[in-house]
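Okay, predicted coordinates and the sequence, questions at the end:
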Amino acid sequence: MNHAIFVSDLSNLRFYKEGLFDRLYYGNEFCEHLMPSPEQLRAALEFASDKNISFTFVSPILYERGLEKASELIGILPDDAEVVVNDFGLLEYISGRRLRLVAGRLLVSAIKDPRIGRESSFQQYFQASNLQPAFMNMLRDKGFRRVEIDNVRQGLDLSGAGDFSASLYYPFVSCSVARKCLFANMKSQSESDFPNTGFASACSGNCEGRAMSALVGGCRIAIMGNAQFYRNDSPPNCAESSCIDRFTYMPVFPNSNNRGFCVKEHDK
């Protein structure tokens, strides 16, 4: 079993433990405005090289401007790097590169309602996902060999994943993501750039890694930027599945980016 650590903010490399992790995930799944700069990506690559661990670049849902930035970042990656793809539009910019493609957890359609637990009499129906032969064959044709999955409370039925490998993310489950951002909407009340729309064409990252807590049907969720999540510390019911060969640990929910942080500060 392999063990990875996933950070979207270089300052969270402080959670890295020597000998515990053999891979670094770095990037953002949810917000193109929080993607790393080229300098940040190079710093993360250098960190992984110094620690002699493998590297995975995580890319988000993308729009036109984000695709241009993501393609620049893709060009920095070494040929042996993994790329977690959460937007099929990115594939055009990866074509011709010897990169290992991974289907991100936003491409894996599953029920992620925090109110569903293992005690439900309909649990087996809540464990369904799009990891079925037709979808897996489409991914295979596009060059994918790995999928990323959440540790949802009710568990997942992975019987249709075939010969794919799977990475299980924990402890945070991404239960919802939107184009609109609550933090951008709060700031936009007095700004004409994106008034009251909640979607910023150019965003300064005013979420600043902050999260807000809320109750949904008695279940605690948190909102960070344009994503909602809940925490699940229970062992997964699918951990023994033959396709799961990697656990991906998130010390904090990965939807922030402190652009002023220098990775070298971590080693001082």
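Noted; the coordinates are in hand.

Count the neighbours of R231 for me.
Look at R231: counted by other Cβ atoms under 10 Å, it has 16 neighbours. C-beta: built from backbone N, CA, C; applies to glycine.

so it sits right up against F172, yeah?
Yes. Counting by Cβ atoms under 8 Å, R231 does reach F172; the two are 5.7 Å apart.

Looking at this protein, which helix is longest?
For the chain, the helix that runs over the most residues, judged by DSSP state H, is helix 38-51.

show me the residues around I221 that make contact.
Residues counted as contacts of I221 (Cβ atoms under 8 Å, 6 or more residues apart in numbering) are P114, C175, S213, A214, L215, Q228, F229, Y230.

go on, C207?
Contact analysis of C207 by Cβ under 8 Å, 6+ apart lists C181, F183, A184, M224, G225, N255, S256.

what does the next helix or strand after the longest helix of the chain contact?
Where DSSP states H and E defines the elements, the next helix or strand beyond helix 38-51 is strand 54-58. Where contact means Cβ under 8 Å, 6+ apart, the residues beyond strand 54-58 that reach it are 4, 6, 8, 22-29, 41, 44-45, 48, 73-74, 77-78, 81-84, 86, 102, 104, 254.

In strands, which of these appear?
Of those, the ones assigned to strands by DSSP state E are A4, F6, R23, L24, Y25, Y26, G27, E82, V83, V84, V102.

closest to L90 among these?
Distance to L90 across those (Cβ to Cβ) is lowest for V83, with 7.9 Å.

still on that earlier bit, just the contacts of I221 now: which is nearest Q154?
Q154 lies nearest to P114 out of the contacts of I221, by Cβ to Cβ, at 10.3 Å.

so that closest one sits right up against V173, yeah?
Yes. P114 lies in contact with V173 (Cβ under 8 Å); the separation is 7.3 Å.

if we can go back for a sec, I'd like the contacts of C207 laid out as TSV, including distance to T248 and pLDDT.
Output for those, formatted as TSV (distance: Cβ to Cβ, whole Å; pLDDT from 0 to 100):
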residue	distance to T248	pLDDT
C181	24	78
F183	25	71
A184	28	69
M224	18	90
G225	20	86
N255	15	93
S256	17	91
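
And those residues, which is closest to P133?
Closest to P133, out of all of the contacts of C207 and judged by Cβ to Cβ, is N255, at 32.2 Å.

for the stretch 51-200 of the chain, what are the low-confidence residue spans?
When residues are selected by pLDDT under 70, those of the stretch 51-200 of the chain lie in 118, 120, 184-200.

shared neighbours of P114 and V173, which are they?
Contacts common to P114 and V173, judged by Cβ under 8 Å, 6+ apart, are R153, Y230.

dump the residue contacts of Y169.
By Cβ under 8 Å, 6+ apart, the residues touching Y169 are F6, R105, E148, I149, D150, N151, T248, M250.

Now do the contacts for the first one.
Okay, so that is F6. Here F6 is in contact with Y25, Y26, V58, Y169, T248, Y249, M250, P254 (Cβ under 8 Å, 6+ apart).
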